[in-house]
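Asker: The sequence isn't on hand, but the structure is:
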């Protein structure tokens, strides 16, 4: 796929792996950090194009681009605000947790035949983790093999920050982890992201925020019609696979994963 050099406009947003710049003509470029693998950038645009035919509000992608040695993807520009920002602005956790579930049910009702398999992603991440013993990897892989497969559109990173509100419509963003699989796998991943990720260490009222995260998850699961018990095995393999995604300095989340897995009676 041809990449062309872009002339950047104003910086519109900044994330962990990429910045978003205006490039004119009602489009933006998601410009990944220097050194970010080109293969991963190509993977995201491939995923985004898989979604174009689905009945889901997404942001249309166009092409790969480069700027100063950094790789990026050109998308339609969407002026909106994330669900996460809306929660902090309004305090209406109930409304947005329920809305998150409604949108997730719509996503999971779609089929994505040609995407990579969720279980194969989890298997790869568990195998490559440096934080798990050989014995525990064997147990997690055995559990994973026994879980059902499927062809649902799984977002792979579905949470408040990846939903943008614009003129009454919620748009799904960030397509790096798009895959196909059983709906419980994607629901479990969302539960992990909503409830089990730690709050930043410099948070003033950490206990209150943790309580909000659990309450949001309770509302989300109630709206989804899914119990924590039905997700138990999925949550274990999701948490185990998550370890390979975490950087060395993300010790708080690593410790939270270990604590959770040990609470499940697992020998790590």
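Answerer: Arrived safely, thanks for sending. Fair warning: this is a prediction, and the values are worked out from it, not measured in the lab.
Asker: Where do the helices of the stretch 151-268 of the chain begin and end?
Answerer: Taking DSSP state H, counting those that start in this stretch as the criterion, the stretch 151-268 of the chain carries its helices at 183-191, 206-224, 232-242, 251-263.
Asker: Tell me which of these is the most buried.
Answerer: Each of the helices of the stretch 151-268 of the chain was scored by mean neighbour count; the highest is helix 183-191, a mean of 25, by mean count of other CB atoms under 10 Å. In short, each C-beta sits where N, CA and C put it, glycine included.
Asker: and it with helix 232-242, angle?
Answerer: 60 degrees (axes from the mean of the first three to the mean of the last three CA atoms, to 10 degrees).
Asker: Who are the packing partners of helix 183-191?
Answerer: helix 93-108, helix 118-128, strand 152-154, helix 206-224, helix 232-242 (3 or more CB pairs under 8 Å, 6 or more residues apart in numbering; DSSP states H and E).
Asker: Columns distance to residue 137 and mean pLDDT on top of these, output as JSON lines?
Answerer: Listed next are the helices and strands packed on helix 183-191 as JSON lines, based on distance: least, CB to CB, whole Å; pLDDT from 0 to 100:
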{"stretch": "helix 93-108", "distance to residue 137": "28", "mean pLDDT": "98"}
{"stretch": "helix 118-128", "distance to residue 137": "6", "mean pLDDT": "97"}
{"stretch": "strand 152-154", "distance to residue 137": "22", "mean pLDDT": "96"}
{"stretch": "helix 206-224", "distance to residue 137": "27", "mean pLDDT": "95"}
{"stretch": "helix 232-242", "distance to residue 137": "8", "mean pLDDT": "97"}
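Asker: For residue 32, which of those is the nearest?
Answerer: helix 118-128 (19.8 Å; CB to CB).
Asker: Now stretch 30-47: buried residues?
Answerer: 30-32, 41, 43-47 (16 or more other CB atoms under 10 Å).
Asker: Residue 87 sits in which helix or strand?
Answerer: helix 83-90 (DSSP states H and E).
Asker: ok, residues contacting that helix?
Answerer: 81, 92-93, 96, 99-100, 159-161, 163-165, 170, 216 (CB atoms under 8 Å, 6 or more residues apart in numbering).
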